[in-house]
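Peer 1: generate a structure from the sequence data that follows.
(chains A, B and C)
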Amino acid sequence: MSSTDSEAVEAAADRNDEQVDGDGRPHGRAGESASADGGQLGAIPRFDVTLRIRRYSAEDAEDGKPAEARWQEFTVTVNGTDRVLDALHKIKWEQDGSLTFRRSCAHGVCGSDAMRINGVNRLACKVLVKDVNPDKPITVEPIKGLPVEKDLVVDMEPFFQSYREVMPFLITSGHEPTRERKQSQEERARFDDTTKCILCAACTSSCPVFWTDGQYFGPAAIVNAHRFIFDSRDEGADVRLEVLNDREGVWRCRTTFNCSEACPRGIQVTKAIHEVKRALLTRSV
Amino acid sequence: MATETSTRSVVPQGTLYRGREGMWSWVAHRITGLLIFVFLLVHVLDTSLVRVAPEAYNAVIETYKNPVVGLGEAGLVGAVLFHAFNGIRVMLVDFWSQGPRFHRQMLWAVGALWVLLMVPFLVRHLSNVFGG
Amino acid sequence: MAAPSLEAPRSTPYRRSASRRSNYEMYSWLFMRLSGAVLVVLVIGHLFVNLMVGDGISGLDFGFVAGKWASPFWQVWDLAMLWLAMIHGSNGVRTIINDYAQRDMTRIVLKTLVLVALVFTVVLGTLVIFTFEPCPVGPDGAFLEGVPSFCTS
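Peer 2: Numbering: from 1, shown residues only, chains lettered A, B, ... in the order given. Prediction:
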């Protein structure tokens, strides 16, 4: 017991020594994962893992030459229960405070930390390091098709612009009812799947059409349109269908299923797009 | 200042996206489609020679009768069959309500059907090409 | 000391053209699937008859084509195949151009090329099928060399 405590204290002290500038260190979280290891949870394995991270900073530009992206490797010791996000935190807090990535809730709900881990879009906070073959370096890159701002952070504006264009809000006519708008369980079930979207952009940035033609609405916008098109309380289906009938709309979908496989919420994205196409073909929802 | 250069060109896309069956079947569908389209243009042009003179057509067809073109024809038939069967798979994904659920199994069916038809075709075709 | 000015990272600004309120893309999508379904039958039938039946590829010559086009059935078959395959293929290439060509000018040039190839090939092929003479005669009134045997018998 006492030895475990002192180990943890030592580990924390080490980190403080290394963390010279304190850049990016959040309050009240440091060492949280590290103190969980050691003797008392001996069953959890600890191992070293190398992360190969794609880094870019516009500030690296020199003498009129634009900055270039580069790969950088970091080796960290992680627990068997750690997620890729924990490894990134360790790197940022203990090795290189300039490493830049987004994360907010860190529990797979806010949708901030979508990134490309070993070539596929994942939420860093949902992937356990032990599940992505830690024997080899794990590559971590920003999601594809959106302009990189720094390291793993991309400009999400084109993504949200598409999202706004499908009008993701309830559209009704007439007076607001004094009671709630009622809906049967069957009516609710029709769009249940697409209510789960957290707007992480993992689907849209996994779509080969979106990579090369950034004007395509992308799966996420269609999913969120689907959520309202098939809502019996909503009256804006025709307007939304017309938006998605555009040159850059649902007809650009080539059913590669990358989006369905990338979605951290398990939404059957391709199926949702399929239902929107069908609604457009038959002009009925 | 390097303001004119677009950022996109200096931030390479990184590694290949590791998509699964759906993405690779799409890539293959696109490549075979392009290949068939180019062949189709040539094919219509050479067949048009029948309107010029029988000898002209026969002369061109005669130059095609060698093992290199023969193997190319085998590859072309392979491309056509894949494009056809995968096209049926795409239609099922688009029009059959259970399509998106079974798209992966349907790709295996496409592969099986392709092998099933290619084997007798290759036996027949290559014996023609190499058998003289 | 002035801070270095940084260019905004957005290289491909979001600039979707206003919706044109047309069903063009829907019909194009639908056409690809419907023509594809017909083409599967037409093309595989074509390949089977030309490569598997009879002497296969080595039996191909003017006489073989003449024998086929002597029958209206194969004329219609090949005509349908020509039109559907060319439009299906051109539309597919148009999709590929839309996907990969970034600049508007590149798109216009490439699509024009595809359109020219489409019109030229379809017109040429159609003329050949309709004006085809299975037993062509030379200026001296005799059959040209290479005509199929059914012309002389």
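Peer 1: can you list the weak-confidence ranges in the chain?
Peer 2: Going with chain A. For chain A, the stretches with pLDDT under 70 are A:1-42.
Peer 1: the chain in question should be chain C.
Peer 2: C:1-20, C:153.
Peer 1: closest residue of it to chain B?
Peer 2: Residue of chain C nearest chain B, by C-beta to the nearest C-beta: C:G146 (3.1 Å). For the C-beta atoms, the positions are set from N, CA and C on the backbone; glycine is no exception.
Peer 1: please report the distance of that residue from A:D246.
Peer 2: To A:D246, C:G146 is 54 Å away according to C-beta to C-beta, to the nearest Å.
Peer 1: now do the helices in chain C.
Peer 2: With DSSP state H as the criterion, chain C has helices at C:24-47, C:62-69, C:72-100, C:104-131, C:149-152.
Peer 1: let me know which of the ones you listed is the nearest to A:G97.
Peer 2: Nearest to A:G97 among those is helix C:72-100; the distance by C-beta to C-beta comes to 39.5 Å.
Peer 1: name the helices or strands packed onto that closest one?
Peer 2: helix A:208-212, helix B:21-47, helix C:24-47, helix C:62-69, helix C:104-131 (3 or more C-beta pairs under 8 Å, 6 or more residues apart in numbering or on different chains; DSSP states H and E).
Peer 1: so which bits of it are buried?
Peer 2: Buried residues in helix C:72-100, counted by 16 or more other C-beta atoms under 10 Å in any protein chain shown: C:74, C:77-79, C:81-82, C:84-99.
Peer 1: distance of the closest residue to C:P136 other than its chain neighbours from B:Y64?
Peer 2: What sits nearest to C:P136 in space, not counting adjacent residues and going by C-beta to C-beta, 6 or more residues apart in numbering or on different chains, is C:L144, at 4.8 Å. Distance from C:L144 to B:Y64, counting by C-beta to C-beta: 21 Å.
Peer 1: more neighbours: which of those two?
Peer 2: C:L144 (17 against 14; other C-beta atoms under 10 Å in any protein chain shown).
Peer 1: quick one: the more buried one and C:C151 touch, right?
Peer 2: No - look at C:L144 against C:C151 with C-beta atoms under 8 Å: they stay out of range, at 9.5 Å.
Peer 1: list the contacts for the residue nearest to C:P136?
Peer 2: B:53-55, C:136-138 (C-beta atoms under 8 Å, 6 or more residues apart in numbering or on different chains).
Peer 1: most widely separated two among these?
Peer 2: Between any two of those, the greatest separation by C-beta to C-beta is 14.1 Å, found for B:E55 and C:V137.
Peer 1: ok, back up a step: out of the helices and strands packed on helix C:72-100, which is closest to A:V239?
Peer 2: When the helices and strands packed on helix C:72-100 are compared by C-beta to C-beta, helix C:24-47 sits nearest A:V239, at 16.4 Å.
Peer 1: show the secondary-structure elements that that closest one is packed against.
Peer 2: Using 3+ C-beta pairs under 8 Å, 6+ apart: helix C:24-47 touches helix A:269-282, helix B:67-95, helix C:72-100.
Peer 1: so where do the helices sit in chain A?
Peer 2: Taking DSSP H, the helices of chain A run over residues A:2-18, A:84-90, A:157-165, A:185-189, A:208-212, A:219-229, A:237-244, A:258-262, A:269-282.
Peer 1: pick the most deeply packed of the ones you listed.
Peer 2: Stretch with highest mean neighbour count among the helices of chain A: helix A:219-229 (a mean of 28; mean count of other C-beta atoms under 10 Å in any protein chain shown).
Peer 1: same for that helix, what does it pack against?
Peer 2: The contact analysis (3+ C-beta pairs under 8 Å, 6+ apart) places helix A:219-229 against helix A:157-165, helix A:237-244, helix A:269-282.
Peer 1: the residue of chain C closest to chain B reaches B:P54, doesn't it?
Peer 2: Yes - between C:G146 and B:P54 there is a contact under C-beta under 8 Å: 3.1 Å.
Peer 1: what residues are shared contacts of the two?
Peer 2: Contacts common to C:G146 and B:P54, judged by C-beta under 8 Å, 6+ apart, are C:F62.
Peer 1: more neighbours: which of these two?
Peer 2: A direct count of neighbours by other C-beta under 10 Å for C:G146 and B:P54 places B:P54 higher, at 23 against 18.
Peer 1: tell me the contacts of the more buried one?
Peer 2: B:P54 makes contact with C:62, C:66, C:136, C:144-147 under the criterion C-beta under 8 Å, 6+ apart.
Peer 1: ok, of these, which come out buried?
Peer 2: Those of the contacts of B:P54 that meet the buried threshold are C:62, C:66, C:136, C:144, C:146-147, by 16+ other C-beta under 10 Å.
Peer 1: want to try CSV for the residues you listed, with distance to A:Q72 as columns?
Peer 2: Below are the buried ones among the contacts of B:P54 laid out as CSV (distance: C-beta to C-beta, whole Å):
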residue, distance to A:Q72
C:F62, 67
C:A66, 69
C:P136, 73
C:L144, 73
C:G146, 70
C:V147, 74
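Peer 1: now tell me what touches stretch A:188-197 from outside.
Peer 2: Counting contacts by C-beta under 8 Å, 6+ apart, the residues outside stretch A:188-197 that touch it are A:220, A:223-224, A:226-232, A:265-268, A:271-272.
Peer 1: would you mark the buried spots in it?
Peer 2: Buried residues in stretch A:188-197, counting neighbours by 16+ other C-beta under 10 Å, are found at A:190-191, A:193-194, A:197.
Peer 1: for the residue in the stretch 151-285 of chain A that chain B sits nearest to, grab phi and psi.
Peer 2: Taking C-beta to the nearest C-beta, chain B has its nearest neighbour within the stretch 151-285 of chain A at A:F257, 3.1 Å off. Backbone torsions of A:F257, given as degrees, to the nearest 10, read phi 60, psi 10.
Peer 1: where does pLDDT dip in chain B?
Peer 2: Scanning chain B with the threshold set as pLDDT under 70 gives B:1-13, B:132.
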